[in-house]
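>>> Quick one, fold the following:
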Amino acid sequence: MNTPLYQAHPTMFADEPGRFILACLLVPLVIGIVWLVAWYIVNRSTLVTVGDDRISLRRGVFSKENIEVEMSMIRTVRVDQTFVDRIFNCGILKVYTAGDLPDIEQGGLPDPTRLRTVLRTARDRTA
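Okay, here's the model as predicted:
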């Protein structure tokens, strides 16, 4: 992938505002600081990249997971949004190829409408 069409890390507050607020409330007890730092590291180590010919999901801090799917193999792209996700403009990406379970599933991605449009356009170009 030369120039990514879409590249994003999951959002922290927008994806799970209740969990974020709870962690902030626990900051005076130091537990919240540890929780926020660990959550931040996990979010920064997760990256979704959409290129011209493939989509990739890379995640992991100590053990790495790298999933790549070619655009020509994508059967269905699904973006789910709860009410809270719609308020904060984030969503859950699910990419299906051949089976009933998604090959790529990642929540908390910003601007899901743009993500779906980029995936649809890239998939149509390769078909």
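
>>> that's a helix at residue 68, yeah?
No: with DSSP: H, G, I helix; E, B strand; the rest coil as the criterion, residue 68 is located in strand rather than a helix.

>>> what's around it, how many residues?
Residues near residue 68, counting by other Cβ atoms under 10 Å, number 15. Using the backbone N, CA and C atoms, a C-beta is placed for each residue, glycine as well.

>>> which residues does it contact?
By Cβ atoms under 8 Å, 6 or more residues apart in numbering, the residues touching residue 68 are 54, 55, 56, 57.

>>> out of those residues, who has the most neighbours?
Counting neighbours by other Cβ under 10 Å, residue 55 leads those with 29 neighbours.

>>> who's in contact with it?
The contact partners of residue 55, taken as Cβ under 8 Å, 6+ apart, are 48, 49, 68, 69, 71, 74, 95, 104, 119, 122.

>>> ranges for the helices of the protein?
Secondary structure of the chain, counting by DSSP state H: helices at 17-25, 31-44, 83-88, 112-126.

>>> quick one, which of those is nearest to residue 7?
For residue 7, the closest of these is helix 112-126, at 10.1 Å, according to Cβ to Cβ.
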